[in-house]
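>>> Mind folding the following:
(one chain, ligands or ions: 1)
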Amino acid sequence: MSLPQKEEKKDFVQEKFSSVTEKYDFLNSLLSFGIDHLWRRSTIKTLSGVTGPVLDLCAGTLPLTRELFRQGHRYIVALDFCFDMLKFGVEKNKDKELINSLRAVCGDGENLPLKENSFSGFTVAFGIRNLSDLPKGFSEVFRILKPGGKGAILEFSRPTFFPFKILYFFYLQRILPQIGGLISGDKEAYRYLAESIKGFYSQKEVCQMLKDTGFIDITYRPMTLGIVTLYQCQKPL
Ligand SMILES: C[S@@+](CC[C@H](N)C(=O)[O-])C[C@H]1O[C@@H](n2cnc3c(N)ncnc32)[C@H](O)[C@@H]1O
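Numbers count the residues shown, from 1 in each chain. Down below sits the predicted model:
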């Protein structure tokens, strides 16, 4: 499968997430053997000193938003350009306090309908790989952050540890599209998942892009043998 580029990628990504919306959370947990909850928990922990508004970019069905709320954040904007994912996430949440702490916005992460210097933090889980123009996405979150604002980015990466790497890629390319396709009804969406992980930037390239955007204090931490990586960054004061 060849990966779509630019505007074509936007349409493709929107359509694919719409088609898997109802099974998205279940499949996330199943295909990651439940570890995705721990990854999200670690991501939000890095924003523990942040008290003001936080943007959850590419929020999807709101799993990271829920974790932000669970860890005490009460001013959350959850943004995604796939209306079906957001709607499903909002409707599934029965907690009144969470709903009151949340503004769900259907919009483009590469052209944020948000004011500059207005957020104390931003976070994104499994979203940056899906953007068609990653430097543009980074420049947008930089713009809306207040000086000193912090970012936490969780994204898939590629394990480098030899025997594990072979097993992982076998799982990614052969098993995951079969299970994902069977349960969601859209095998192509899970083939895209595998291909987009294989074709994504290295950790060093992501860090360089954050640096080129203007971020400082950039760090990255591979987790679970490098299946995912947690990046942190800050807008200078
Ligand atoms: C893999 S899901 C991640 C959902 C959620 N953050 C999580 O932790 O599972 C990626 C989401 O990114 C959204 N997305 C991709 N490109 C986007 C863009 N340019 N602007 C806004 N949302 C985008 C998709 O619609 C999808 O809901």
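
>>> roughly how far is stretch 39-50 from the heart of the chain?
In terms of C-alpha atoms, centre = their mean, to the nearest Å, the centre of stretch 39-50 is set 13 Å apart from its chain centre.

>>> how about the helices of this structure, start to end?
Assigned by DSSP state H, the helices in the chain fall at 6-31, 36-45, 63-70, 83-92, 96-100, 134-144, 162-170, 176-184, 187-198, 203-213.

>>> Return the most buried member of those.
Each of the helices of the chain was scored by mean neighbour count; the highest is helix 63-70, a mean of 23, by mean count of other C-beta atoms under 10 Å. All C-beta spots, glycine's among them, are computed from the backbone N, C-alpha and C.

>>> related to what we said a few turns ago, want to throw the helices of the chain into a markdown table with mean pLDDT and distance to the ligand?
Output for the helices of the chain, formatted as a markdown table (pLDDT from 0 to 100; distance: least, C-beta to the nearest ligand atom, whole Å):
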| stretch | mean pLDDT | distance to the ligand |
| --- | --- | --- |
| helix 6-31 | 84 | 4 |
| helix 36-45 | 97 | 6 |
| helix 63-70 | 96 | 4 |
| helix 83-92 | 93 | 4 |
| helix 96-100 | 90 | 16 |
| helix 134-144 | 98 | 7 |
| helix 162-170 | 90 | 18 |
| helix 176-184 | 85 | 12 |
| helix 187-198 | 87 | 8 |
| helix 203-213 | 98 | 16 |
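
>>> what's around the residue of the chain found nearest the ligand, how many residues?
Closest residue of the chain to the ligand, C-beta to the nearest ligand atom: G60 (2.6 Å). Applying other C-beta atoms under 10 Å, we find 25 other residues in the vicinity of G60.

>>> how about it, what does it touch?
G60 sits next to 17, 24, 80, 82, 85-86, 89, 126-127 when contact means C-beta atoms under 8 Å, 6 or more residues apart in numbering.

>>> and the two most separated of those residues?
L86 and F126 (15.2 Å; C-beta to C-beta).

>>> Please see if stretch 115-127 touches the ligand.
Yes - counting by C-beta under 6 Å from any ligand atom, the ligand is contacted by stretch 115-127 at 125-127.

>>> Show me which of these is closest to R74.
Relative to R74, the closest of the residues of stretch 115-127 next to the ligand is A125; by C-beta to C-beta it sits at 19.5 Å.

>>> what's the distance between the closest one and D212?
22 Å (C-beta to C-beta, to the nearest Å).

>>> A152 now?
19 Å.

>>> Could you do Y190 as well?
32 Å.

>>> Now do the lengthiest strand in the chain, average pLDDT.
Using DSSP state E, we find that the single longest strand of the chain is strand 145-156. For strand 145-156, the mean per-residue pLDDT is 98.

>>> Report the inter-axis angle for it versus helix 63-70.
Orientation check (axes from the mean of the first three to the mean of the last three C-alpha atoms, to 10 degrees): strand 145-156 against helix 63-70 gives 130 degrees.

>>> Which neighbouring elements make contact with strand 145-156?
helix 36-45, strand 119-125, helix 203-213, strand 228-234 (3 or more C-beta pairs under 8 Å, 6 or more residues apart in numbering; DSSP states H and E).

>>> Go again with 7 Å.
helix 36-45, strand 119-125, strand 228-234 (3 or more C-beta pairs under 7 Å, 6 or more residues apart in numbering; DSSP states H and E).

>>> pLDDT value on M1, please?
pLDDT recorded at M1 is 68.

>>> quick revisit: tabulate the residues of stretch 115-127 next to the ligand in JSON lines, adding columns for distance to V228.
Formatted as JSON lines, these follow (distance: C-beta to C-beta, whole Å):
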{"residue": "A125", "distance to V228": "9"}
{"residue": "F126", "distance to V228": "8"}
{"residue": "G127", "distance to V228": "13"}
